[in-house]
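Engineer: Got a sequence here, can you model it:
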Amino acid sequence: MTRPLPDVLASLDAPRVLVVGDIVLDRYLTGVVDRISPEAPIQVLRVEREEERLGCAGSVAHMLAVLGARTTLLGVVGDDDGAARVAALAAGAGVALEAVVDPSRRTAVKTRHLARSHSTDQQVLRVDEETLGPVAAPSAARLVELARGLIEACDAVIVSDYGKGVLAGELLACVLAVAGERDLPIIVDPKGEDFTRYRGASCITPNRTEVQRATGVVVTDLASADAAASVLLEQADLAFALVTLDREGMYLKPRGGEGVHLPTTPREVYDVTGAGDMVVSVLGIALAAGATPVEAASLANVAAGLEVEHVGVVPVTCDEIAARLALGSEGLSAKHVVRTEVAALAERHRAGRRRIVFTNGCFDILHAGHVRYLAEAKAHGDVLIVGLNSDASVQRLKGEGRPLNNEDDRIEVLAALAVVDHVVVFDEDTPTALVQQVLPDVLVKGKDYEGKVVEGRDIVEGRGGKVVLADLHPGRSTTNLVDRIRED
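Structural biologist: As a prediction, the model looks like this:
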């Protein structure tokens, strides 16, 4: 019998998970494009922010550590500055790094150039620096030696194959054989068209395109997803196959059992980068903690939904998954955040080095002025959190007969805007306490507050943030609309 997902999440504890695969250093250069180069017909990116993160197998290891697993990462790096940065990032993430240094290779580095827009950051260029092909024999032998010992001390193994050569030799066969002898869960994020090389794994997690290349089955609906998953079970001798179907969720097919469709909650998808890593991370920790395949996949589906809502790879915490589960799959919106969870949510964004913008209001009848105001607010950062006055608060501020639209309706309308990332309701007359919880980098109010007290200014500016007074749009206000309706 399948347990409720909150119970599955609570049972995760701190299992030992080994991640084996291609280690990459992800670099992000974010800035503004506001002109064309005089040297060539290309955009000029004026860089404002640089950051580095663990990528590929390193990303999986980092996600596992954030979820609470005791995580070890096994792979190859070069004898260079990139390797030192990987080691520092792993230490900071609480990941035990077992990296074989191969002087004949360079540490793989992916540099993404992103231009800021009103709604989100968009990639304009990616530069890859890497060595492709099998690892040199001495390094390959050392990897196999390390893998044998590490598998003896773990509860699950994740193989993160990005096709860069680390798993091209004996390492993959060793991991599958040794972990198989111990009857450990082995989850594979596959690469290439020949999935028979993963025979003996517990599960592989290809996406729609990958499964088509490997099986020849074009996945267009649940029937074809079932057919493709059935081929995977035979090709790789799996316990179960999990095909990810982007906006349509996932399809799980156990050996000898009926397939299960795990739909996802409709949402505004900003960036699918990291969704696959999130899936295998949650599968790994959940299976290691004793969850069934359906329980583990269902939890992974929720976590992947959280991951795709943001640009780049930002690890998801158990607290955030719990908050999403508390909303229920039929909640008004995945963007609605309960008040008790907003501080943890903001902390997660800060950990991902995302610039938080906060504004607030009643938003009783949403009009063009509101939409322009919110778009301007979002342009000042990466994440826009909107504080929404509760029904009781609106009535105290606006008088009898207001709000015209109830709290749930106002949440739903705000959440439908792409520029709004999160909506949180507050019951006080001012948002000061909520600002203290969010601790935004930017606090936005309308220009009608010029020369007036802006609640929360001292909190924001005291942390080095700023207050922005956004443009107003004459003739566009809820009060004007209400008066015109009443006149008619």
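Engineer: low-scoring stretches of the stretch 101-250 of the chain, by residue?
Structural biologist: 117-120 (pLDDT under 70).
Engineer: Can you tell me the centre-most residue of the protein?
Structural biologist: The centroid of the chain falls nearest to Glu307 when counting by C-alpha atoms, centre = their mean (2.0 Å).
Engineer: my guess is that residue meets Ala275, correct?
Structural biologist: Yes - applying C-beta atoms under 8 Å as the test, Glu307 and Ala275 come out as touching, 5.1 Å apart. From N, CA and C alone the C-beta is placed, and that goes for glycine too.
Engineer: pLDDT at Gly401, what is it?
Structural biologist: Per-residue pLDDT puts Gly401 at 79.
Engineer: wait, what's in contact with the residue lying closest to Asn405 once chain neighbours are set aside?
Structural biologist: Leaving out its chain neighbours, the residue that sits closest to Asn405 by C-beta to C-beta, 6 or more residues apart in numbering is Asp364, at 5.8 Å. Applying C-beta atoms under 8 Å, 6 or more residues apart in numbering, we find Asp364 in contact with 394, 398, 402-405, 410, 478.
Engineer: before we move on, what about Lys445?
Structural biologist: 359, 454, 467-470.
Engineer: Apply 7 Å and report the result again.
Structural biologist: By C-beta atoms under 7 Å, 6 or more residues apart in numbering, the contact set of Lys445 is 359, 454, 469.
Engineer: what are the phi and psi angles of the second one?
Structural biologist: Dihedral pair for Val454: phi -100, psi 110, per degrees, to the nearest 10.
Engineer: number of nearby residues for it?
Structural biologist: Val454 has 17 neighbours, counted by other C-beta atoms under 10 Å.
Engineer: show me the contacts for it.
Structural biologist: 443, 445, 467.
Engineer: how about 10 Å then?
Structural biologist: Neighbouring residues of Val454 by C-beta atoms under 10 Å, 6 or more residues apart in numbering: 435, 443-445, 460-461, 467-469.
Engineer: my guess is Arg354 meets Asp382, correct?
Structural biologist: Yes - assessed by C-beta atoms under 10 Å, Arg354 is found in contact with Asp382 at 4.0 Å.
Engineer: Please identify the helix or strand for the closest residue in space to Leu150 that isn't next to it in sequence.
Structural biologist: What sits nearest to Leu150 in space, not counting adjacent residues and going by C-beta to C-beta, 6+ apart, is Leu18, at 5.2 Å. Using DSSP states H and E, Leu18 sits within strand 16-21.
Engineer: Strand partners (parallel or antiparallel) of that strand?
Structural biologist: When pairing is defined by DSSP bridges, strand 16-21 lines up against strand 70-77 (parallel), strand 156-160 (parallel).
Engineer: immediately after the shortest one, which helix or strand?
Structural biologist: Right, the one you point to is strand 156-160. Scanning onward from strand 156-160 (DSSP H and E), the first element met is helix 170-181.
Engineer: So what's the gap between that next one and the chain middle?
Structural biologist: Chain-centre distance of helix 170-181: 30 Å, with C-alpha atoms, centre = their mean, to the nearest Å.
Engineer: what's the following helix or strand after that helix?
Structural biologist: Counting by DSSP H and E, what follows helix 170-181 is strand 186-189.
Engineer: That next one - which strands sit beside it in the sheet, and in what orientation?
Structural biologist: Strand 186-189 is paired, per DSSP bridges, with strand 156-160 (parallel), strand 203-204 (parallel).
Engineer: Serialize these to CSV and add fields for distance to Glu234 and mean neighbour count.
Structural biologist: Below are those laid out as CSV (distance: least, C-beta to C-beta, whole Å; neighbours: other C-beta atoms under 10 Å):
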stretch, distance to Glu234, mean neighbour count
strand 156-160, 19, 28
strand 203-204, 12, 28
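Engineer: could I get the ones you listed as JSON lines with distance to Val135?
Structural biologist: Formatted as JSON lines, the strands paired with strand 186-189 follow (distance: least, C-beta to C-beta, whole Å):
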{"stretch": "strand 156-160", "distance to Val135": "15"}
{"stretch": "strand 203-204", "distance to Val135": "22"}
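Engineer: Quick check: which of these is nearest to Gly284?
Structural biologist: Closest to Gly284 of those, according to C-beta to C-beta: strand 156-160, at 4.5 Å.
Engineer: Helix 170-181 and that closest one, what's the angle between them?
Structural biologist: 150 degrees (axes from the mean of the first three to the mean of the last three C-alpha atoms, to 10 degrees).
Engineer: would you put the C-alpha positions of strand 156-160 in PDB?
Structural biologist: Once non-C-alpha atoms are left out, strand 156-160 reads as follows in PDB (Å, rounded to 0.1, in the frame of the first residue of the first chain):
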ATOM      1  CA  ALA A 156      22.100   3.400  -2.800                       C
ATOM      2  CA  VAL A 157      24.100   4.300  -5.900                       C
ATOM      3  CA  ILE A 158      23.300   6.900  -8.600                       C
ATOM      4  CA  VAL A 159      25.000   6.800 -11.900                       C
ATOM      5  CA  SER A 160      25.000  10.200 -13.500                       C
END
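Engineer: Break down the stretch 101-250 of the chain into its helices, ranges please.
Structural biologist: 137-151, 170-181, 208-215, 222-236 (DSSP state H, counting those that start in this stretch).
Engineer: Against Arg463, how distant is the nearest residue to Val159 once chain neighbours are set aside?
Structural biologist: Closest residue to Val159 apart from its sequence neighbours, by C-beta to C-beta, 6+ apart: Val188 at 4.4 Å. Look at Val188 and Arg463: by C-beta to C-beta, to the nearest Å, they are 44 Å apart.
Engineer: now do Leu252
Structural biologist: 45 Å.
Engineer: These two: who's more crowded?
Structural biologist: Leu252 (25 against 10).
Engineer: The more buried one belongs to a strand?
Structural biologist: Yes - under DSSP: H, G, I helix; E, B strand; the rest coil, Leu252 falls within a strand.
Engineer: Wait, it touches Leu233, no?
Structural biologist: No - between Leu252 and Leu233 there is no contact, the gap being 11.2 Å when judged by C-beta under 10 Å.
Engineer: and the nearest residue to Arg208 once chain neighbours are set aside, how many neighbours does it have?
Structural biologist: Excluding the flanking residues, the one nearest Arg208 by C-beta to C-beta, 6+ apart is Val219, at 5.0 Å. When counting by other C-beta under 10 Å, one arrives at 23 neighbours for Val219.
Engineer: Over to Arg46?
Structural biologist: Count around Arg46 with other C-beta under 10 Å applied: 11.
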